[in-house]
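S.K.: Model the structure of this input:
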Amino acid sequence: METTVQPYMSILFLTLLNFSTFLHPSLSDDPFCNPEDKKTLLRFKKSFTNSQYILLSWDPITDCCNWNHVDCGDTNRITSLRFVGYNLSGQIPPQIGNLPFLETINFDNVPGLLGPIAPSIANLTKLRYLIITRTNVSGPIPEFIGSLKKIEFINLSYNRLTGQIPKSIGYLPKLGGLRLDYNTLTGSIPESFGDFKKEDFYLYMSHNKLSGKIPLSMEKKDFTYIDLSENRLEGDVVPLFRSKKKMELVDLSGNLLRFDLSKVEFPSSLVSLDLSENKVFGILPEQLTELTGLKSFNVSYNKLCGKIPVGGNLQKFGESAYFHNCCLCGSPLESCLSLAKILTFGLCLIECILSRYEPF
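M.R.: Below you'll find the model as predicted:
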């Protein structure tokens with residue numbers, strides 16, 4: 001009798017075990033998120049004053065790979081933290097540096113985020129994407145960012161960052177995009193920014209308080225997008241342009257730049273060019289008519305002179321693209337032969353000539 005019952009009891013036991021495993025996944029042999037990662041995330045949660053509802057899914061009895069705002073890799077280690085539009089209140093917790101497999105940090109539109117960029121991020125040697133944007137994070141850009149050798153994209157725009165830009169950022173071997181726009185950064189652009197290795201580089205540093213000249217080293221770099229507008233940059237940027245480059249967007253508006261526009265070699269790939277509100281002098285080169293892909297163009301509020309070349313897209317941009325220059329004339333502005341132009345041309349021409357000899 002015992003030999004007959006025993007097999008059935010074994011089958012019943014295995015059935016109950018499988019059923020309990022279904023109800024309680026933690027009892028199964030399948031891998032779940034690393035226990036240390038889970039502990040770190042729970043401490044991370046406690047650091048914010050209003051995380052109770054935003055991080056409601058972060059329950060210690062559940063698998064943290066299934067929590068909101070979190071991604072796990074093939075080894076069930078935390079690889080991504082994403083908070084987009086969730087107004088967590090507090091500083092970036094130091095525990096973030098205890099997630100050694102983290103590849104992505106994304107705090108986007110989190111105005112309650114305060115304080116400095118957490119120093120513990122320096123521990124994240126696998127980090128590829130660092131996005132802290134539209135927050136109230138403040139203080140300097142930390143030097144340790146230059147030690148994150150696997151990083152591919154940095155977006156620290158729309159914050160309250162101050163101080164100078166660390167030159168070590170220019171030596172990051174895999175960096176392909178850098179956004180530091182809309183902060184209060186000061187000082188000059190590091191010479192090392194001519195050493196970026198990746199092609200198709202995107203550089204946005206507008207709306208800061210950067211000063212000095214654009215480094216000559218940057219002439220050897222082919223920036224796909226470069227926006228340095230609304231700063232206090234000065235000097236000559238002719239070397240930044242080359243006809244064989246692949247630049248698509250160049251915005252240098254709202255600075256103190258002074259150079260002869262007629263000496264610029266524009267790349268045929270240009271789609272958008274804004275040089276407005278500077279001290280640019282000379283004439284508009286005929287080569288501009290050959291830029292068939294040009295969709296946006298502005299040279300207003302400078303010291304340009306002469307007739308606007310006819311052809312290409314130059315007549316499509318409207319008067320506002322050419323306003324407030326020394327003596328620009330021709331379509332879309334008034335004719336160079338109009339009486340008003342003839343009367344003022346002489347004085348404007350003298351001003352344009354003198355602007356060439358102002359000390360740089």
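S.K.: From now on I want contacts and neighbour counts done on CA atoms only, so please keep to that.
M.R.: Noted.
S.K.: For burial, what's the neighbour tally of residue 53?
M.R.: The local packing count at residue 53 equals 8, with neighbours defined by other CA atoms under 10 Å.
S.K.: Shouldn't it be within a helix?
M.R.: Yes: using DSSP: H, G, I helix; E, B strand; the rest coil, the assignment for residue 53 is a helix.
S.K.: What's the separation between the most centrally placed residue in the chain and residue 226?
M.R.: The structure's the chain has its C-alpha centroid closest to residue 179; by CA atoms, centre = their mean the separation is 2.2 Å. With distances defined as CA to CA, to the nearest Å, the gap from residue 179 to residue 226 amounts to 10 Å.
S.K.: Show the subsequent helix or strand relative to the strand or helix carrying residue 178.
M.R.: Using DSSP states H and E, the secondary-structure element containing residue 178 is strand 177-179. Note on strand 177-179: by DSSP H and E, the next helix or strand toward the C-terminus is strand 184-187.
S.K.: and that following strand, what does it pack onto?
M.R.: On a contact count with 3 or more CA pairs under 8 Å, 6 or more residues apart in numbering; DSSP states H and E, strand 184-187 meets strand 160-163, strand 209-213.
S.K.: ok, now with 10 Å
M.R.: Strand 184-187 sits against strand 138-140, strand 160-163, strand 209-213, strand 232-235, with contacts defined as 3 or more CA pairs under 10 Å, 6 or more residues apart in numbering; DSSP states H and E.
S.K.: now the end-to-end length of stretch 323-337.
M.R.: For stretch 323-337, the first and last residues are 18 Å from each other (CA to CA).
S.K.: what distance separates it from the centre of its chain?
M.R.: A distance of 37 Å separates the centroid of the chain from that of stretch 323-337, by CA atoms, centre = their mean, to the nearest Å.
S.K.: for that stretch, which positions count as buried?
M.R.: 323-333, 335-336 (16 or more other CA atoms under 10 Å).
S.K.: next one: stretch 254-263
M.R.: Under the neighbour-count criterion of 16+ other CA under 10 Å, stretch 254-263 has 254, 255, 256, 257, 258, 259, 260, 261, 262 buried.
S.K.: so how many other residues sit close to the nearest residue to residue 34 once chain neighbours are set aside?
M.R.: Beyond its immediate neighbours in the sequence, the residue positioned closest to residue 34 (CA to CA, 6 or more residues apart in numbering) is residue 77, lying 5.9 Å away. Residue 77 is surrounded by 22 other residues when neighbours are defined as other CA under 10 Å.
S.K.: Which pLDDT value goes with residue 77?
M.R.: Looking at residue 77, its pLDDT reads 97.
S.K.: Go ahead and name everything in contact with stretch 41-56.
M.R.: Here stretch 41-56 makes contact (CA atoms under 10 Å, 6 or more residues apart in numbering) with 35-39, 58-60, 64, 67-70, 78, 81, 83, 86-96, 98-99, 112-113.
S.K.: Please point out which parts of it sit buried.
M.R.: Neighbour-count burial for stretch 41-56, counted by 16+ other CA under 10 Å, picks out 41, 42, 44, 45, 47, 48, 51, 55.
S.K.: Overlap of the contact sets of residue 179 and residue 226?
M.R.: By the contact definition CA under 10 Å, 6+ apart, residue 179 and residue 226 are jointly contacted by 202, 203, 204, 205, 206.
S.K.: Check which helices and strands the helix or strand encompassing the second one sits against.
M.R.: Here residue 203, judged by DSSP H and E, is contained in strand 201-204. If you count contacts as 3+ CA pairs under 10 Å, 6+ apart, strand 201-204 packs onto strand 177-179, strand 223-227, strand 249-251.
S.K.: Tell me which other helices or strands the longest one touches.
M.R.: By that I understand strand 223-227. Helices and strands touching strand 223-227, as assessed by 3+ CA pairs under 10 Å, 6+ apart, comprise strand 177-179, strand 201-204, strand 249-251, strand 272-274.
S.K.: Now distance to residue 142 and mean pLDDT too, for those strands, in TSV please.
M.R.: Listed next are these as TSV, based on distance: least, CA to CA, whole Å; pLDDT from 0 to 100:
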stretch	distance to residue 142	mean pLDDT
strand 177-179	15	99
strand 201-204	18	98
strand 249-251	27	98
strand 272-274	31	98
